[in-house]
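Chemist: what follows is a predicted structure for the sequence shown.
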Amino acid sequence: MNKVMDNGWSQLGFSAVVTGTVAALVSAGALAALAKSEGKGALQPLNATSHWVQGDAAAKVEQPTARHTLVGFVTHHLASVLWAGFFEAWLARNPPRSMWDLLRDAFAMSGIAAVVDYGATPHRFTPGWELALSKKSLAATYVAFAFGLAAGAMASARARQPRWVGWRQAIPLLRG
């Protein structure tokens, strides 16, 4: 593999990790808030994500445990990085010209993720949130995921810029 190709792949990988991490944290926060609003434990949706290993009873676990919470969050984080990889690849080929374009693309990717997660994936490998939350809260979580993708894409784009560019933009006298 040549150096240019390697650089492109490593940039895509870096962007996917940054964007996926932001999206995972934003959507995990939404899951916790939505669970509390439904009278459930804040960790139940993330614990439910471990159902691929622990079975559907994982959705009933309210306390933090390595078997449920750690496995659930790591699974959620890895899935978020995967979706962020697709999103960042799309953005690399179709750079958004405005914030609205970025949000549109993030919502489209989140919608695709929802359809694949709950329409094309066998039950055992779904996120498992349906075991702990209402359908309305599932939809709200994918909205949060879209905002997380957009915020993550902005953060990864900013992180890829050379440091001096940021200083140059921050200090008006250096722009000219």
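Modeler: On my side now, so go ahead.

Chemist: so what's A92 up against?
Modeler: Shown in contact with A92 (Cβ atoms under 8 Å, 6 or more residues apart in numbering): 8, 12, 15. Placement of C-beta: from N, CA and C, glycine included.

Chemist: am I right that T65 is in contact with Q44?
Modeler: No: contact criterion Cβ atoms under 8 Å: T65 and Q44 do not qualify, at 11.9 Å.

Chemist: who has more neighbours, those two?
Modeler: It is Q44, of T65 and Q44, that has more neighbours when counted by other Cβ atoms under 10 Å, with 27 against 16.

Chemist: confidence score at the more buried one?
Modeler: pLDDT recorded at Q44 is 98.

Chemist: which non-adjacent residue is nearest it?
Modeler: Ranked by Cβ to Cβ, 6 or more residues apart in numbering and with sequence neighbours excluded, the top spatial neighbour of Q44 is A132, at 4.2 Å.

Chemist: isn't the one you found up against P45?
Modeler: Yes: the criterion here is Cβ under 8 Å, and A132 meets it with P45 at 4.7 Å.

Chemist: state the distance from T75 to L82.
Modeler: 11 Å (Cβ to Cβ, to the nearest Å).

Chemist: which residue of those two possesses the greater neighbour count?
Modeler: Neighbours were counted for T75 and for L82 using other Cβ under 10 Å; T75 has more, 19 against 13.

Chemist: which SS class is the more buried one?
Modeler: Secondary structure assignment for T75 (DSSP: H, G, I helix; E, B strand; the rest coil): helix.

Chemist: what strand or helix carries the residue most central in space within the chain?
Modeler: Ranked by distance to the mean C-alpha position of the chain (Cα atoms, centre = their mean), the top residue is A23 at 2.9 Å. According to DSSP states H and E, A23 maps onto helix 3-37.
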